[in-house]
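Asker: Give the three-dimensional model of this entry:
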Amino acid sequence: MVRRLPPLNALRAFEAAARLGSFTAAADELNVTPAAISHQVKSLEEYLGVELFVRLPRGLYLTDDGKAYLPDLTAGFDSLAHATDSLHGSRLDGLLAISVLPSFAQCWLMSRLPDFCKRYPQIDLRLESNAENSHFIKDQIDVGIRHGLGRYPGLRSRLIMTEEIYPVASPALLAGAHPLRTWNDLHYHTLLHDYVANDRERWLTWEPWLDLNGIHTVDVSRGLQFNNSAMMVDAALGGMGVMLGRTALVGQHVRDGRLVALFDSRRTADFSYYAVCPEATADKPRIRVFVDWLVQTAQSNG
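Answerer: Presented below is the predicted three-dimensional model:
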């Protein structure tokens with residue numbers, strides 16, 4: 001039987017635009033222009049004789065035909081990717097490119113990574129440390145480690161770890177003329193601030209903690225400000241002030257006694273760490289064993 005198939009590029013353009021919700025996002029993924037995506041989708045609609053999108057000033061909306069067409073197309077492209085990967089069987093050897101936040105890399109990942117390298121010496125690692133999310137195709141990234149709510153359209157995400165937030169300081173600040181014993185003692189100490197803390201992570205800012213504990217005379221505009229959490233951890237370790245720590249970044253220091261958790265106060269963080277990658281490549285052996293290792297390592301020693 002002769003297969004009747006539309007042009008492959010037109011199918012790819014429609015599938016990406018429908019899955020991601022815009023021509024611009026699809027163009028970014030496929031490394032072409034939005035105009036090219038629009039042209040390919042239009043040519044596909046002409047080939048099929050149906051409209052796949054309703055185009056409105058406020059965005060794209062799938063028609064009923066578009067909604068019916070998308071699932072099988074996505075499954076088909078996933079199958080093609082899987083078939084290509086299967087040519088290499090279950091081989092692990094090769095390069096694995098990882099995108100990771102600088103603070104997570106410095107405070108958590110790097111001290112644990114030798115264990116992965118020992119377990120899987122046939123995998124070569126390339127680490128890209130960047131505060132911005134890398135583009136999987138354009139930047140040739142296999143796995144991203146992201147800090148958020150776990151909702152990443154078009155990507156498969158797996159929870160690595162949840163976190164708690166709590167105030168911490170060097171043990172040196174628990175001694176002296178004004179030891180840190182209660183929230184009131186913060187009057188005599190420097191506050192360390194993450195000034196890029198997301199508004200949705202309100203417990204990474206000092207105001208709600210002080211309000212909750214009835215402290216209204218501490219000036220939260222004063223102190224040391226950082227745009228890199230790892231730098232702030234170093235400042236706390238050096239006794240430069242009190243910080244709001246997150247489990248992944250300060251947990252090991254607290255367990256080792258280099259930092260002390262204060263005031264018996266903890267809050268569950270809204271954000272967590274996730275491993276994310278495109279659905280089409282999520283089952284590659286190298287990606288699978290790395291993500292499994294991340295999750296197991298986080299569960300075993302935090």
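
Asker: All the strands of the stretch 1-150 of the chain, residue numbers only.
Answerer: 53-56, 59-62, 94-100, 123-129, 143-148 (DSSP state E, counting those that start in this stretch).

Asker: most neighbours per residue, which of the ones you listed?
Answerer: Comparing these by mean neighbour count (mean count of other C-beta atoms under 10 Å), strand 143-148 comes out on top with a mean of 21. Glycine gets a C-beta too; all of them are placed from N, C-alpha and C.

Asker: Just list the residues touching V196, thanks.
Answerer: N227 (C-beta atoms under 8 Å, 6 or more residues apart in numbering).

Asker: As CSV, the strands of the stretch 1-150 of the chain with mean pLDDT would be great.
Answerer: Below are these laid out as CSV (pLDDT from 0 to 100):
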stretch, mean pLDDT
strand 53-56, 86
strand 59-62, 83
strand 94-100, 92
strand 123-129, 92
strand 143-148, 92
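
Asker: Looks like G148 contacts V276 (just checking).
Answerer: No. The pair G148 / V276 is not scored as a contact, 9.1 Å apart, by C-beta atoms under 8 Å.

Asker: List the buried residues in stretch 192-208.
Answerer: Residues 192-194, 201, 203-206 are the ones in stretch 192-208 that count as buried (16 or more other C-beta atoms under 10 Å).

Asker: mind showing which ranges of the stretch 101-250 of the chain have poor pLDDT?
Answerer: 198-199 (pLDDT under 70).

Asker: can you pull out the helices in it?
Answerer: 102-104, 110-119, 206-212, 229-237, 247-256 (DSSP state H, counting those that start in this stretch).

Asker: Could you measure from E132 over to V260?
Answerer: Remark: distance between E132 and V260 (C-beta to C-beta, to the nearest Å) = 33 Å.

Asker: Between the two, tell me which one has more neighbours.
Answerer: Counting neighbours by other C-beta atoms under 10 Å for E132 and for V260 shows that V260 has the greater number, 17 against 7.

Asker: mind giving me the domain ranges of this structure?
Answerer: Domains of the chain are assigned by automatic domain parsing as 8-86, 94-160+271-301, 164-268.

Asker: What is the end-to-end distance of the last one?
Answerer: If I follow you right, that is domain 164-268. 4 Å (C-alpha to C-alpha, to the nearest Å).

Asker: Just send the strands of the stretch 1-150 of the chain back as TSV, with distance to V250 too.
Answerer: TSV is the format used below for the strands of the stretch 1-150 of the chain (distance: least, C-beta to C-beta, whole Å):
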stretch	distance to V250
strand 53-56	48
strand 59-62	42
strand 94-100	18
strand 123-129	19
strand 143-148	15
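
Asker: OK, contacts around the residue nearest to the spatial centre of the chain?
Answerer: Nearest residue to the geometric centre of the chain (C-alpha atoms, centre = their mean): R146, 1.0 Å. Going by C-beta under 8 Å, 6+ apart, R146 touches 101, 133, 152, 157, 273-274, 276.

Asker: Could I have the PyMOL command that selects the buried members from these?
Answerer: The buried residues among these can be selected in PyMOL (16+ other C-beta under 10 Å) with this line:
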select buried, resi 101+157+273+274+276
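
Asker: circling back to that earlier point, dump the helices of the stretch 101-250 of the chain into TSV; add distance to V291 as well.
Answerer: Listed next are the helices of the stretch 101-250 of the chain as TSV, based on distance: least, C-beta to C-beta, whole Å:
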stretch	distance to V291
helix 102-104	15
helix 110-119	11
helix 206-212	33
helix 229-237	23
helix 247-256	16
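
Asker: Can you tell me which of the ones you listed is nearest to V295?
Answerer: helix 110-119 (12.2 Å; C-beta to C-beta).

Asker: how about the longest helix anywhere in the chain: buried residues?
Answerer: Longest helix of the chain, by residue count under DSSP state H: helix 64-86. Buried residues in helix 64-86, counted by 16+ other C-beta under 10 Å: 66, 69-70, 73-74, 77-78, 81, 85.

Asker: what's the most distant pair in those residues?
Answerer: Of all pairs in the buried residues of helix 64-86, the most separated under C-beta to C-beta is G66 and D85 at 28.2 Å.
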